[in-house]
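Colleague: predicted model and sequence below, questions to follow.
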Amino acid sequence: QFLTFNYNQYFLLDCSGLTFSNLLNTQNTFLNVLIGNLQYDINIPSNTYIKNLLIYQISKFIYTYGSIGNLIIEKNTGAILLYDYSFINLINIDLNEGGILSYNNSYINSINIKTGDADIYFNDYSVLYTLNIGTYSGGVYLYNYASANTIIIQTNNGGVILNDDTYVNTLYVEDNVDGIYLSGNA
């Protein structure tokens with residue numbers, strides 16, 4: 001349901017994500033969206049902007065072609081996929097057991113992950129400005145001209161793999177259990 005004030009819509013409260021998924025066909029701007037347990041795939045079109053998307057738990061996919069200011073998730077067991085010049089300012093995940101994948105010139109300003117075991121992929125000229133991870137068992141992969149300014153991992157139990165003309169300005173890993181691999185002009 002929408003919470004409105006003076007004919008402006010401020011909050012969309014949605015238990016499963018079905019209402020939000022349906023509204024994406026008719027509306028292109030959302031201020032605050034709160035979802036309990038995302039049980040439906042969501043496709044965010046290229047002309048859509050969401051300032052704050054707050055989700056307790058994800059078990060499906062979020063396909064992003066548009067822009068999101070802040071994507072805050074308690075537990076991700078699904079996947080977040082960015083395509084075709086899409087933009088997310090901040091992704092903050094407490095437990096990441098699902099993937100984050102970025103393609104085709106997409107841009108993420110900052111990703112903060114407390115812990116997890118899923119892979120993070122940046123492909124095809126995608127840009128990541130800052131990645132901060134606590135303890136992580138998943139891999140961080142950059143392929144095909146993807147780049148990152150700063151990657152900070154406290155405990156790396158997965159690998160950091162750079163391939164195909166990728167670039168990282170600063171890579172800091174405090175405890176490295178797995179490897180850091182460079183190939184293909186990385």
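Modeller: That came in fine, so what should we check first?
Colleague: quick check: residue 42 vs residue 17, distance?
Modeller: 6 Å (Cβ to Cβ, to the nearest Å). Placement of C-beta: from N, CA and C, glycine included.
Colleague: same thing with residue 25?
Modeller: 14 Å.
Colleague: which of these two has more neighbours?
Modeller: Neighbours were counted for residue 25 and for residue 17 using other Cβ atoms under 10 Å; residue 17 has more, 22 against 9.
Colleague: pLDDT below threshold where in this protein?
Modeller: Low-confidence segments of the chain, defined by pLDDT under 70, span residues 1-10.
Colleague: change it to 90
Modeller: Counting by pLDDT under 90, the ranges of the chain that qualify are 1-15, 23, 26-31, 135-136, 138, 156-159, 174-179.
Colleague: for it, which segments count as helices?
Modeller: Secondary structure of the chain by DSSP state H: the helices cover 18-23.
Colleague: related to what we said a few turns ago, what do residue 42 and residue 17 both touch?
Modeller: residue 60 (Cβ atoms under 8 Å, 6 or more residues apart in numbering).
Colleague: OK, contacts around residue 65?
Modeller: So residue 65 contacts 43, 44, 45, 46, 48, 83, 84, 86 (Cβ under 8 Å, 6+ apart).
Colleague: just the buried ones from those?
Modeller: Neighbour counting by 16 or more other Cβ atoms under 10 Å classes 43, 44, 48, 83, 86 among the contacts of residue 65 as buried.
Colleague: give the contact list for the closest residue to residue 169 other than its chain neighbours.
Modeller: The spatially closest residue to residue 169, leaving aside those adjacent along the chain, is residue 149, at 4.8 Å (Cβ to Cβ, 6 or more residues apart in numbering). With contacts defined as Cβ under 8 Å, 6+ apart, residue 149 is in contact with 128, 129, 130, 168, 169, 170.
Colleague: correct me, but the second one touches residue 122?
Modeller: No. Under the criterion of Cβ atoms under 8 Å, residue 129 is not in contact with residue 122, lying 11.3 Å apart.
Colleague: have a look at these two and say which one is more surrounded.
Modeller: residue 122 (27 against 15).
Colleague: which strand residues bridge that one?
Modeller: residue 102, residue 142 (DSSP bridges).
Colleague: roughly how far apart are it and residue 96?
Modeller: Distance from residue 122 to residue 96, by Cβ to Cβ: 15 Å.
Colleague: tally of neighbours for residue 121?
Modeller: 18.
Colleague: circling back: buried ones among the contacts of residue 149?
Modeller: 128, 130, 168.
Colleague: for the first one, what are its contacts?
Modeller: Spelled out, it's residue 128. Taking Cβ under 8 Å, 6+ apart, one finds 102, 107, 108, 111, 122, 146, 147, 148, 149, 151 in contact with residue 128.
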